[in-house]
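Participant: any chance you could fold what I've pasted below:
(2 chains)
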Amino acid sequence: MTTVELFFAYFALSMTFLSIMVISVKNPVHSILLMLVLFFHIAALYLFLNAEFLAAVQVILYAGAILVLFLFVIMMLNLKEELISHRFINEWPIGIAIGVSIIVFLFFAISTITTNFKGTHTIDFIKAETNTKAIGKVLYTEYLLPFEIASIILLIAIVGALVLAKKAK
Amino acid sequence: MVPLSWYLGLSAVIFVIGLIGFLIRRNLIIMFMSIELMLNSVNISLIAFSHYLNDLKGQVIVFFIITVAAAEAAIGLAILVALFRNKNSIHTDDISVMKG
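Facilitator: Below is the predicted model:
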């Protein structure tokens, strides 16, 4: 086993363990803090795959913005009642059975995958141009219209969140 | 070098854990977090493809997915606040008006 494989094995095991803990611990605050550790692991995995820009975005946006939003909403929860009531719905074995059957299909699909397509953005090309600059060139030329649509989606989200959370008169 | 299928396997495992969490938990906040987990697992597989196929389009799509995830979290949590104000509960089995 090489060093890279050893590192990948550590990340795979700890990410699986952390995500199981996220969906199974009783206290929602603990769940969110475990999710924070999980997001840092995912950002480190992005660094393995030469995606420095997205690793930074992962830490800033997911760990910094979205999880803080979750923590704010948890403040109005009745945690005392949460800790004594049931965690899972009564039909939980059906959910686990559905998940296991889907993962069998997914692993079957992964085992038959073949890749012979090679694009133009090789590692040397990205290294010469830096990751952020290369992404920016693709984003602002080929994907300009989807980028504008993404900004409209964010505007709708701001307005929608304000309207929904406002007290009804 | 780690083969591509290892990353895809890891992504599939995290996706299914998120799916199971969405199906079996009663708490709506944990269900939202399971959705975030599923979105992140898809991001891992897209970035792995982008690296192994030498194409940056995968990373651009991950950028859009993160945008949509942020919008979804903001709207979803606003719905949660409105729901908690009206029903005083965030458990899925207490919200059964539409069940008939």
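
Participant: when you work out contacts or count neighbours from here on, use the C-alpha atoms and nothing else.
Facilitator: OK.

Participant: can you map out the strands along chain B?
Facilitator: For chain B, applying DSSP state E gives no strands.

Participant: where does pLDDT dip in it?
Facilitator: Applying pLDDT under 70 to chain B flags residues B:100.

Participant: kindly recompute the last result at 90.
Facilitator: Applying pLDDT under 90 to chain B flags the ranges B:1-5, B:26-28, B:53-57, B:79-100.

Participant: just the helices in it please.
Facilitator: In chain B, the helices defined using DSSP state H lie at B:4-24, B:28-52, B:57-87.

Participant: mean neighbour count and distance to chain A added to these, as CSV?
Facilitator: CSV is the format used below for these (neighbours: other Cα atoms under 10 Å in any protein chain shown; distance: least, Cα to the nearest Cα, whole Å):
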stretch, mean neighbour count, distance to chain A
helix B:4-24, 22, 5
helix B:28-52, 22, 6
helix B:57-87, 19, 5
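
Participant: care to break chain A down by domain?
Facilitator: A:1-92, A:121-169 (automatic domain parsing).

Participant: low-scoring stretches of chain A, by residue?
Facilitator: A:1-5, A:26-29, A:48-51, A:62-65, A:69, A:71-92, A:111-132, A:134, A:137-138, A:164-169.

Participant: any idea how far the residue nearest the centre of it is from A:G136?
Facilitator: For chain A, the residue sitting closest to the mean C-alpha position, by Cα atoms, centre = their mean, is A:F39 at 6.7 Å. The gap separating A:F39 from A:G136 is 24 Å, by Cα to Cα, to the nearest Å.

Participant: one more: A:I113?
Facilitator: For A:I113, the distance to A:G136 - Cα to Cα - is 30 Å.

Participant: who has more neighbours, those two?
Facilitator: A:G136 (12 against 9; other Cα atoms under 10 Å in any protein chain shown).

Participant: quick check: that one vs B:F63, distance?
Facilitator: Distance, A:G136 to B:F63, using Cα to Cα: 11 Å.

Participant: residues near A:L18, how many?
Facilitator: By other Cα under 10 Å, neighbour count at A:L18 equals 21.

Participant: secondary structure element holding it?
Facilitator: helix A:3-24 (DSSP states H and E).

Participant: packing partners for that helix?
Facilitator: Secondary-structure packing of helix A:3-24 (3 or more Cα pairs under 8 Å, 6 or more residues apart in numbering or on different chains; DSSP states H and E): helix A:28-48, helix B:4-24, helix B:28-52.

Participant: can you tell me what sits against the longest one?
Facilitator: Going back to what we said before, that points to helix B:28-52. A:19, A:23, A:28, A:31, A:42, A:46, A:49-51, A:70, A:74, B:4, B:7-8, B:10-12, B:14-16, B:18-19, B:21-23, B:25, B:56-59, B:61-62, B:65, B:69, B:73, B:76, B:80, B:90-92 (Cα atoms under 8 Å, 6 or more residues apart in numbering or on different chains).

Participant: go on, stretch A:24-36?
Facilitator: Against stretch A:24-36 from outside (Cα under 8 Å, 6+ apart): A:18-19, A:21-23, A:63, A:67, A:70-71, A:74, A:79, A:82-83, A:87, B:21, B:29-30.

Participant: just the buried residues of those.
Facilitator: A:18-19, A:21-23, A:63, A:67, A:70, A:74, A:82, A:87, B:21, B:29-30 (16 or more other Cα atoms under 10 Å in any protein chain shown).

Participant: enumerate the positions of the helix holding A:L18 that are buried.
Facilitator: A:F8, A:F11, A:A12, A:M15, A:T16, A:L18, A:S19, A:I20, A:M21, A:V22, A:I23, A:S24.

Participant: any idea how far stretch B:21-36 is from the middle of the chain?
Facilitator: Taking Cα atoms, centre = their mean, to the nearest Å, one finds the center of stretch B:21-36 at 9 Å from the center of the full chain.

Participant: about what we covered before: now do the contacts for the residue nearest to the centre of chain A.
Facilitator: A:Q58, A:V59, A:Y62, A:A63.

Participant: for the residues you listed, give me CSV that also has secondary structure and distance to A:L155.
Facilitator: Shown next, in CSV, are these (DSSP: H, G, I helix; E, B strand; the rest coil; distance: Cα to Cα, whole Å):
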residue, secondary structure, distance to A:L155
A:Q58, helix, 21
A:V59, helix, 22
A:Y62, helix, 19
A:A63, helix, 21
